[in-house]
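*Asks:* Model the following, please.
(one chain, ligands or ions: 1)
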Amino acid sequence: MHRALDRILAERFTCRQFRPDPVPRAVVEELLRLAQRTPSWCNTQPWHVHLTEGAATERLRTRLTAHVATGTPAPDFPFPVQYTGAYRERRRACGHQLYDSLGIRKDDQEARLIQLLRNFELFDAPHVALVTTEADLGVYGAVDCGLYIGTFLLAAQSLGLAAAPQAALASYSDFLRDHFALPPGRRVVAGIAFGYADPGHPVNGFRTGREDTGNATTWHTD
Ligand SMILES: Cc1cc2nc3c(=O)[nH]c(=O)nc-3n(C[C@H](O)[C@H](O)[C@H](O)COP(=O)(O)O)c2cc1C
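*Replies:* Residues are numbered from 1 along each chain as shown. Model prediction:
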């Protein structure tokens, strides 16, 4: 089991260019079944997923890209206020990897914007899973949904799928609330675009690093 998990963790990456092929319904159902095993505080399981396929994905892609052209970002959960120190460095490093993979120069703001907007085209994925939580459950409801997203990503990898977690989608929470007719009291956490990776596309050709565990851990022994 350890070897299997190690391999799933090592091979998963954020896919930013999908092939158009839809994932068979039975495979999506299995993905959802696996992700549903996610633990949550008091087993509240606060996630509710709005999942698109076929024409519903195309409709979301078309409407969302049109909305983003004029809409103002307003996420349900505030985005980070600032990135400092190591967080800033890591953010810059993964940004450089992304833009370098596409041959986009640092000062080419237009090309960077075009790539940013690919988020709202769902990186051409055939499916998206929009993960929502219950407002009353507050930050821990969102934490549970974060765990759900993590399980979903690993489950997708185990099934030969690729995925992209997308906080970018939550920028337009009101639009998504309206589009998916979310009940009052639901909050948008993030989306996950998924499908089959386009393995030859350069944007899928880089892998991010991780800090040494020693720098992310403080041991207390006596
Ligand atoms: C909660 C969450 C939100 C994310 N939002 C976005 C996003 O909006 N757009 C994007 O391109 N990547 C997004 N990512 C992907 C991260 O940039 C990526 O996970 C990180 O750089 C590590 O790379 P890896 O996933 O390839 O290992 C998100 C990841 C997480 C966990």
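*Asks:* helix/strand/coil for Ala93?
*Replies:* Following DSSP: H, G, I helix; E, B strand; the rest coil, the label given to Ala93 is helix.
*Asks:* I'd like the distance between it and Asp222.
*Replies:* In this view, Ala93 and Asp222 are 36 Å apart by Cβ to Cβ, to the nearest Å. The way it works is simple: take the backbone N, C-alpha and C, and place the C-beta from them, glycine included.
*Asks:* just for this protein, where's the confidence low?
*Replies:* In the predicted model, the chain carries no residue with pLDDT under 70.
*Asks:* So which residues on it come close to the ligand?
*Replies:* Counting by Cβ under 6 Å from any ligand atom, the chain comes close to the ligand at 13-14, 16, 94, 119, 164-168, 190, 208.
*Asks:* Apply the buried test to the residues you listed and list what passes.
*Replies:* By neighbour count, with 16 or more other Cβ atoms under 10 Å, the residues of the chain next to the ligand hold 13-14, 16, 119, 164-168, 190 as buried.
*Asks:* hang on, the earlier thing: of Ala93 and Asp222, who's got more company?
*Replies:* Legend: neighbour count by other Cβ atoms under 10 Å for Ala93 and Asp222, higher for Ala93 (12 against 2).
*Asks:* show me what contacts the more buried one?
*Replies:* Ala93 is in contact with 208-209, counting by Cβ atoms under 8 Å, 6 or more residues apart in numbering.
*Asks:* for Thr132, helix, strand, or coil?
*Replies:* strand.
*Asks:* Beta-bridge partners for it, please?
*Replies:* Counting by DSSP bridges, Thr132 forms beta bridges with His48, Val188.
*Asks:* So what's the residue count around it?
*Replies:* By other Cβ under 10 Å, the residues close to Thr132 number 26.
*Asks:* likewise Val203?
*Replies:* Val203: 18 surrounding residues under other Cβ under 10 Å.
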